[in-house]
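*Asks:* build me a model:
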Amino acid sequence: MNQSEHASLPSRLRFSLKQLEVFVAIAQGGSARSAAQRVARSQSAASAALAELEHTLAVELFDRIGRRLVLNENGRAMLPGALALLNHAAELESLFTEEHAAPLRLAASLTIGEYLLPNLIAQWQHQHPASRVRLNIANSTDVIATVVNMEADLGFIEGSQTHPDLLVKPWLTDEIMVVAATGHALGKSTVGTGKMNKAQLRDATWIVRELGSGTRQATDEWLIQHLGQVNVGFELGSTEAIKRLAAAGAGLACVSRYAALDDLRSGRLAEVKTSLPPSRRRLAMVLRKDKRLGRATTDFMAHCQAG
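*Replies:* Okay, the predicted model is just below:
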């Protein structure tokens, strides 16, 4: 080995991957007890590993608040690199045994997670039989928080929400549409025969998603901008529940065209034509700016873009 090759070697590490694993688990769980469950160690072993890591680095990584451990500025600075190092170690391990391949951790809004990703994940799994996928479905606000907190490698959101730590990559175009029961007076009178005017839309009872969802944000921006006010009768955290309530004749619903496609084809719901301009939005992928992406995450993003 020549001198230049020797100079490029890293100095001896003073901490271990196990210590980093405990540190990340505590950061995500908030206590040594929860960390011990995540990394399959005893609570005393997890506490000892954290103490050794902090002693080695000569800094505290957490503020102790009662029994809770909350990341301080040192811990926040260390977390992205620790996660990247652990993910890279898992990738190296997977080169020799597919059993230990790091799972692909995804978070998606309800519309994307329930209506768009299942087929994409199934295709991915068929092409990568050894791959493991974990999908957390929540509203867009929670998806953003999950990616910011590094509990997911890649997020899928609706609407224009973002965060300074995130990189937003535009993905698909979606449309918010108005639907009602096929036999409902409002839906039946407008399908193919005309459009509901603004006065009719203001008087209607609306079924919408809960605050914090990307679909609700797009709905509010669209309806309030053009109608001034709407009569919200129901706020629900499930698109399926919204569609079922609309199909039962409870009112007009605002949903993604992707979410309503099968119901429109089956005749359970009818599209309600309105005098409002179309409401289109971009669906997007989000990831942390400072996170090193693993091969599986990069390949899955390309798979979604191609699909």
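*Asks:* residues contacting residue 228?
*Replies:* Residues near residue 228 by Cβ atoms under 8 Å, 6 or more residues apart in numbering: residue 202. Just so you know, the C-beta spots here come from the backbone N, C-alpha and C atoms, and that holds for glycine as well.
*Asks:* again, 10 Å this time
*Replies:* Contact analysis of residue 228 by Cβ atoms under 10 Å, 6 or more residues apart in numbering lists 198, 202.
*Asks:* now do the one 3 residues further on
*Replies:* Taking Cβ under 10 Å, 6+ apart, we find residue 231 in contact with 201, 202, 203, 204, 205, 206, 251, 252.
*Asks:* how much space separates it from residue 284?
*Replies:* Counting by Cβ to Cβ, to the nearest Å, the separation of residue 231 from residue 284 is 31 Å.
*Asks:* cool, residue 182 as well?
*Replies:* 33 Å.
*Asks:* go on, residue 111?
*Replies:* Distance of residue 111 to residue 284, given as Cβ to Cβ: 12 Å.
*Asks:* of the two, which one has the most company?
*Replies:* Ranked by neighbour count (other Cβ atoms under 10 Å), residue 111 and residue 284 place residue 111 first, with 27 against 24.
*Asks:* residue 112: neighbouring residues, count only.
*Replies:* Residue 112 has 31 neighbours, counted by other Cβ under 10 Å.
*Asks:* sec struct for the nearest residue to it once chain neighbours are set aside, please.
*Replies:* Excluding its sequence neighbours, the residue lying closest to residue 112 (Cβ to Cβ, 6 or more residues apart in numbering) is residue 156, at 4.3 Å. The three-state label given to residue 156 by DSSP: H, G, I helix; E, B strand; the rest coil is strand.
*Asks:* tell me where the stretch 1-150 of the chain has helices.
*Replies:* Listed in chain order, the helices of the stretch 1-150 of the chain (DSSP state H, counting those that start in this stretch) span 3-8, 17-29, 32-39, 43-57, 73-94, 110-115, 117-127, 140-148.
*Asks:* related to what we said a few turns ago, most surrounded residue in the contacts of residue 231?
*Replies:* The contacts of residue 231, ranked by neighbours (other Cβ under 10 Å): first place residue 252, 25 neighbours.
*Asks:* just the pLDDT at the spatially closest residue to that one that is not a sequence neighbour, thanks.
*Replies:* Leaving out its chain neighbours, the residue that sits closest to residue 252 by Cβ to Cβ, 6+ apart is residue 204, at 4.9 Å. We note a pLDDT of 94 for residue 204 in this prediction.
*Asks:* again, but for the one 5 residues further on
*Replies:* pLDDT, the model's per-residue confidence, is 92 for residue 209.
*Asks:* and it, how far from residue 136?
*Replies:* 18 Å.
*Asks:* looking at the two, which one has more neighbours?
*Replies:* For residue 209 versus residue 136, neighbours defined as other Cβ under 10 Å are more numerous around residue 209 (30 against 15).
*Asks:* look up how far residue 254 lies from that one.
*Replies:* 8 Å.
*Asks:* neighbouring strands - and their directions - for the longest strand along the chain?
*Replies:* Longest strand in the chain by number of residues (criterion: DSSP state E): strand 166-181. Here strand 166-181 has these sheet partners by DSSP bridges: strand 252-256 (antiparallel), strand 269-271 (antiparallel), strand 279-288 (antiparallel).
*Asks:* in it, what's buried?
*Replies:* 166, 168, 171, 172, 174, 176, 177, 178, 179, 180, 181 (16 or more other Cβ atoms under 10 Å).
*Asks:* dump the C-alpha coordinates for it into CSV.
*Replies:* Taking Å, rounded to 0.1, in the frame of the first residue of the first chain, the C-alpha atoms of strand 166-181 are listed here in CSV:
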residue,chain,number,x,y,z
LEU,A,166,-37.7,18.6,2.4
LEU,A,167,-37.1,18.3,-1.3
VAL,A,168,-40.3,18.1,-3.3
LYS,A,169,-40.4,16.3,-6.6
PRO,A,170,-43.5,16.8,-8.8
TRP,A,171,-45.1,13.5,-9.8
LEU,A,172,-48.6,13.1,-11.2
THR,A,173,-51.4,15.5,-12.0
ASP,A,174,-54.7,14.9,-10.3
GLU,A,175,-58.2,16.5,-10.4
ILE,A,176,-60.6,17.2,-7.6
MET,A,177,-64.1,16.4,-8.8
VAL,A,178,-67.6,16.6,-7.4
VAL,A,179,-69.6,13.4,-7.1
ALA,A,180,-73.0,12.3,-5.8
ALA,A,181,-75.2,9.2,-5.7
